[in-house]
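# Here is my input, please return the structure:
(4 chains)
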There are 2 protein chains.
Amino acid sequence: MKREERRQEIINLLVESRAVELDDIAARFGVSKMTIHRDLDDLERAGVLRKVRGGATIDAGTQFESDFRFRELQEADVKRALAETAAELVEPGMTVMINDGSMASVLGDVLADKKPITIITNNAAIMERAKGLSGVTLIGLGGVYSSKFNAYFGIVTEEALSRLRADIAFISAPAASGRLAYHMDEAVVRTKRAMMASSRQTCLMINSRRFGHTALHVLADLADFDTVISDKNLPHDTSAALDGGKTVVHIARETTP
Amino acid sequence: MKREERRQEIINLLVESRAVELDDIAARFGVSKMTIHRDLDDLERAGVLRKVRGGATIDAGTQFESDFRFRELQEADVKRALAETAAELVEPGMTVMINDGSMASVLGDVLADKKPITIITNNAAIMERAKGLSGVTLIGLGGVYSSKFNAYFGIVTEEALSRLRADIAFISAPAASGRLAYHMDEAVVRTKRAMMASSRQTCLMINSRRFGHTALHVLADLADFDTVISDKNLPHDTSAALDGGKTVVHIARETTP
DNA sequence: CACAAAATCACAATTTTAGTGTTATAATGT
DNA sequence: ACATTATAACACTAAAATTGTGATTTTGTG
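Sure, this is the predicted structure:
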């Protein structure tokens, strides 16, 4: 087991049980306590957890859940599966919009294979990676940078979007319930909506775990999207509610069982 | 001597003599020819030189001089001196625009001390570094990414600028002669001009070595700027031509004699 | 076209770096 | 006060990066 896997596992444990004990995880992974100390120190520096005597806890509810670096680490396999399913909607030569979020950054990587391609995004992680690639025309959206989301937002972003048009927009959301998707931040909602308005087709990418939660602002009705991509645990009521409408639901198949 | 030092030295040799011989540099650094081959291959991939049989040459005038990664390495001391002089024009709380170019990126770093500050830029290097800083509000301009300049340009950039207003704009130029500054790329010229138009004050930062050259497009008359910052080798005819006008000329003092 | 010089390739040898464990010392909570 | 837990310093190991060697291919030139 590699270092990063171990750290990912520690995070998973934390998400489930809110707290972990140092001795416990050292034994579980068969490494020394010192190594676990170092893991926890680094994860603390990254803002993912809080070290306490004898272990670590998660700062649930607050900063943490909306923290980019945390989400960056979470459930990489599901993200990749969704991204690969989404990539099937894209042909070389298309212009795609991709929004903020770690799921979206994974999509950015996957789409690099579809070149030539034009990527329009406000997501700083995608910009950073797409910069170097030949065959990818990168259009950054600009705006006020938000470190919380590692992306750009605001009037500048929205106006830029109003002048652009893409073949398809890939949108992600941190919460959904029934047929509605939610987001806690107004500026982010506005940018996502502007992307949807500027694209011929729209696609929502959402991990099934995000269902059953809500947030302050309604982002959109799932039926507003042409395509919804999720995984096999997508709640039944949601898929039933979309049945018969224009929205096509794709269930990503697991690549790593 | 480490790999990167050796490569930097190869670039320095190349800048001086326009061409280098493979056997020659292999002997000089006491490494095998194979290693030099690999150095040259990588530098060629980075767009810094052109491999020829038996060695390598610099593509003067063309691609090379306008290559970001090359300029990034060159004359770091002069750049820093100019940037520090420029920083004196900035007070905490101000909104500044910074254009593309390696000189500008250095300014970005120096300005980080003046916080709180708002930085508006199309320069990807600055965005990357300013992202992490607290006290710095970063407004990215967006646009089509250009790897040649490591920055964003185009209609999106210009329209964003038309909606913004800064206290001061810092502009740099790769060539100047007499009282005119030049640039080889039309899109870049338009962005620089848009920045000038959207700022209360304008400041040109230019290494004296850039004088005596021209390029396809005239960027601006030096007298259009409120301030011109250069070093002690600024040509006499230029400083004379600005004398008596509104433009203030600052000569950066060398920090490393 | 031949052939010497140069370039490339594939692999082995070497150096460097990242990750981990051990032990000694300091800090902490009850 | 003292049993735990945390930190620091150093040594060891595995992995990755860098370099060199010799075989093989390509290139320019007479």
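# which secondary element of chain A has the worst mean pLDDT?
For chain A, counting by mean pLDDT, DSSP states H and E, helix A:68-73 ranks last in confidence among helices and strands (a mean of 52).
# Any figure for the gap between the closest residue to A:Arg165 other than its chain neighbours and A:Val96?
Closest residue to A:Arg165 apart from its sequence neighbours, by CB to CB, 6 or more residues apart in numbering or on different chains: A:Ser198 at 5.6 Å. The way it works is simple: take the backbone N, C-alpha and C, and place the C-beta from them, glycine included. To A:Val96, A:Ser198 is 12 Å away according to CB to CB, to the nearest Å.
# Among those two, which residue is more densely surrounded?
The neighbour count for A:Ser198 versus A:Val96, taken as other CB atoms under 10 Å in any protein chain shown, is higher for A:Val96 (25 against 19).
# what packs against whatever helix or strand comes next after the least confident helix or strand of chain A?
Downstream of helix A:68-73, the next assigned helix or strand under DSSP states H and E is helix A:76-87. Helix A:76-87 sits against helix A:102-111, strand A:199-205, strand A:227-230, with contacts defined as 3 or more CB pairs under 8 Å, 6 or more residues apart in numbering or on different chains; DSSP states H and E.
# got these as CSV, with mean neighbour count, mean pLDDT and distance to A:Val90 columns?
Output for the helices and strands packed on helix A:76-87, formatted as CSV (neighbours: other CB atoms under 10 Å in any protein chain shown; pLDDT from 0 to 100; distance: least, CB to CB, whole Å):
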stretch, mean neighbour count, mean pLDDT, distance to A:Val90
helix A:102-111, 24, 86, 6
strand A:199-205, 22, 97, 10
strand A:227-230, 24, 95, 11
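# Just the buried positions in the host helix or strand of A:Met34, please.
Following DSSP H and E, one finds A:Met34 within helix A:33-45. For helix A:33-45, burial by neighbour count (16 or more other CB atoms under 10 Å in any protein chain shown) applies to A:36, A:39-40, A:43.
# what's next to that helix, contact-wise?
Helix A:33-45 is contacted by residues A:3, A:6-7, A:10-11, A:22-23, A:25-26, A:29, A:49-51, A:55-56 when judged by CB atoms under 8 Å, 6 or more residues apart in numbering or on different chains.
# quick one on the thing from earlier: just tell me which of the helices and strands packed on helix A:76-87 ends up closest to chain B.
Among the helices and strands packed on helix A:76-87, the nearest to chain B by CB to the nearest CB is helix A:102-111 (13.1 Å).
# how near is the nearest residue to A:Asp109 once chain neighbours are set aside to B:Pro92?
Nearest non-adjacent residue to A:Asp109, counting by CB to CB, 6+ apart: A:Arg129, 6.4 Å away. A:Arg129 sits 34 Å away from B:Pro92, going by CB to CB.
# between the two, who's got more neighbours?
Neighbour count, other CB under 10 Å: between A:Arg129 and B:Pro92, A:Arg129 has more, with 16 against 10.
# Contact partners for the more buried one?
A:105, A:108-109, A:112.
# need these in TSV with distance to DNA strand D, can you?
TSV is the format used below for the contacts of A:Arg129 (distance: CB to the nearest atom of the strand, whole Å):
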residue	distance to DNA strand D
A:Ser105	21
A:Gly108	22
A:Asp109	18
A:Ala112	20
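# which one of those sits closest to B:Asp224?
Nearest to B:Asp224 among these: A:Gly108, at 40.3 Å, using CB to CB.
# which parts of chain A sit against DNA strand D?
Chain A comes close to DNA strand D at residues A:22-23, A:33-34, A:37, A:41, A:51-55, as judged by CB under 7 Å from any atom of the strand.
# what residue lies at the spatial centre of chain A?
A:Met103 (2.7 Å; CA atoms, centre = their mean).
# Need the per-residue pLDDT for the nearest residue to that residue once chain neighbours are set aside.
Excluding its sequence neighbours, the residue lying closest to A:Met103 (CB to CB, 6+ apart) is A:Ser172, at 4.5 Å. Note on A:Ser172: pLDDT of 95.
# pretty sure A:Ser172 is in contact with A:Gly101, am I right?
Yes - at 4.5 Å, A:Ser172 and A:Gly101 qualify as touching, with contact defined as CB atoms under 8 Å.
# ok, how many other residues are close to A:Ala76?
A:Ala76 has 14 neighbours, counted by other CB under 10 Å.
# quick one: contacts for it?
Contacts here follow CB under 8 Å, 6+ apart; on that basis A:Ala76 touches A:8, A:106.
# Roughly how far does it sit from DNA strand D?
For A:Ala76, the distance to DNA strand D (CB to the nearest atom of the strand, to the nearest Å) stands at 18 Å.
# picking up where we left off before, I'd like to know which of the buried residues of helix A:33-45 is nearest to DNA strand C.
A:Asp39 (6.9 Å; CB to the nearest atom of the strand).
# and whichever residue of the stretch 1-150 of chain A sits closest to chain B, what pLDDT?
The stretch 1-150 of chain A approaches chain B most closely through A:Gly142 (2.5 Å), counting by CB to the nearest CB. A:Gly142 is assigned 95 on the pLDDT scale.
# tell me the contacts of it?
A:122, A:152, A:156-157, A:160, B:122, B:139-143, B:152, B:156-157, B:160.
# and those residues, which of them are in strands?
Judged by DSSP state E, strands contain the following of the contacts of A:Gly142: A:152, B:139-140, B:143, B:152.
# By neighbours, which of these wins?
Going by other CB under 10 Å, B:Gly140 tops the ones in strands among the contacts of A:Gly142 with 31 neighbours.
# ok, so what distance separates that residue from B:His250?
On the measure of CB to CB, B:Gly140 and B:His250 end up 28 Å apart.
# all helices for the stretch 101-250 of chain A, in order.
Taking DSSP state H, counting those that start in this stretch, the helices of the stretch 101-250 of chain A run over residues A:102-111, A:124-130, A:155-162, A:186-197, A:236-242.
# winner for burial among the ones you listed?
The highest average neighbour count among the helices of the stretch 101-250 of chain A, using mean count of other CB atoms under 10 Å in any protein chain shown, belongs to helix A:102-111 at a mean of 24.
# counting contacts, what elements does that helix pack onto?
Partner elements for helix A:102-111 (3+ CB pairs under 8 Å, 6+ apart): helix A:68-73, helix A:76-87, strand A:95-98, strand A:117-121, helix A:124-130, strand A:166-172, strand A:199-205.
# Just want the angle from that helix to strand A:166-172.
With axes from the mean of the first three to the mean of the last three CA atoms, to 10 degrees defining the directions, helix A:102-111 sits at 140 degrees from strand A:166-172.
# sorry, back to before: for the helices and strands packed on helix A:76-87, which one sits closest to A:Asp77?
helix A:102-111 (10.3 Å).
# got the angle for that closest one vs strand A:117-121?
Going by the same axes, to 10 degrees, helix A:102-111 makes 170 degrees with strand A:117-121.
# re the thing from before, so which of the buried residues of helix A:33-45 are also by DNA strand C?
Among the buried residues of helix A:33-45, DNA strand C is touched by A:Asp39 when using CB under 7 Å from any atom of the strand.
# Tabulate the buried residues of helix A:33-45 (JSON lines), appending pLDDT and distance to A:Ile229.
Compiled in JSON lines, the buried residues of helix A:33-45 are given as follows (pLDDT from 0 to 100; distance: CB to CB, whole Å):
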{"residue": "A:Ile36", "pLDDT": "95", "distance to A:Ile229": "36"}
{"residue": "A:Asp39", "pLDDT": "93", "distance to A:Ile229": "33"}
{"residue": "A:Leu40", "pLDDT": "93", "distance to A:Ile229": "35"}
{"residue": "A:Leu43", "pLDDT": "86", "distance to A:Ile229": "30"}
